[in-house]
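S.K.: okay, here's the prediction I keep looking at, along with the sequence it came from:
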Amino acid sequence: MDAGPGSLAELLRHTTLGALDAVWLSHLHLDHIGDLLNAYYALAYGELPARPPLPVYAPADLRARLAGFFGLPDFANDVLDLRPLSDGHLLQIKDLELTSHAVEHGCEAYALRASANGHTLAYSGDCAPCAGLDAVAANADLLLCEANDPVPTPVHHTPAQTGDLAHRANTKHLVVTHVGPLLDPVAATSTAAEAFGGPTTQAMVRATIPF
């Protein structure tokens, strides 16, 4: 779920590329897709065991972006299987149900609602408050939401807006992530917690939140 710089190394602490069923990308900004290139090179040239092409669910323009990076007229290979997302896109992988909703970020972007075994994780991706994100977050057990900006903008949440979303959506637990460089993560989490009025955690590498 998103593949920003550093995410592949962290992923490999827990599993292997060969074990992945799919990759899901919220939008095509570099801080959310950068390590997809590293994954491609590892799968294509890393002498890993052969596997079927890895499904990658992402905005449709990913194919053109990759073709441009590699200097090709089109990006087609037997390593990555690119599959475009759309508003309301529903995907079933084993017992995991993934539903994508379009959100406001100044480009094609999606939030994700992931449900399995009676529990639901909601992930904002990057976006401003919008109806699509409200639908994703409704009654979620865990809401992973960005809090990038110190003041309201048309492309990101403020910490207070993040907390307001969690309260409005009746979320059980809020995790504050993607805190922008103009904010202090601890203070941003505290502001979101005050607006939410419920359990709130700052996103940390390798942190776990029990349901």
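M.R.: Sure thing, it's come through. Keep in mind the model is a prediction, meaning the values are calculated, not measured.
S.K.: against L62, how distant is V103?
M.R.: Applying C-beta to C-beta, to the nearest Å, the value for V103 to L62 is 17 Å. For every residue, glycine as well, the C-beta is placed using N, CA and C.
S.K.: can you check P210 too?
M.R.: 34 Å.
S.K.: counting neighbours, go ahead and name the busier of those two.
M.R.: For P210 versus L62, neighbours defined as other C-beta atoms under 10 Å are more numerous around L62 (23 against 5).
S.K.: do you know how far the more buried one is from P84?
M.R.: Plainly put, L62 is 8 Å away from P84 if you go by C-beta to C-beta.
S.K.: okay, and the common contacts of the two?
M.R.: Residues touching both L62 and P84 by C-beta atoms under 8 Å, 6 or more residues apart in numbering: none at all.
S.K.: CA atoms only: put the helix or strand containing A111 into PDB for me.
M.R.: Assigned by DSSP states H and E, A111 belongs to strand 110-116. Output of strand 110-116 as PDB, limited to C-alpha atoms (Å, rounded to 0.1, in the frame of the first residue of the first chain):
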ATOM      1  CA  TYR A 110      -7.500   7.400  -4.200                       C
ATOM      2  CA  ALA A 111      -8.100   6.600  -0.600                       C
ATOM      3  CA  LEU A 112      -8.400   2.900   0.400                       C
ATOM      4  CA  ARG A 113     -10.700   0.900   2.600                       C
ATOM      5  CA  ALA A 114      -9.300  -2.500   3.500                       C
ATOM      6  CA  SER A 115     -11.500  -5.000   5.300                       C
ATOM      7  CA  ALA A 116     -10.800  -8.600   6.500                       C
END
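S.K.: with that, I have no additional questions.
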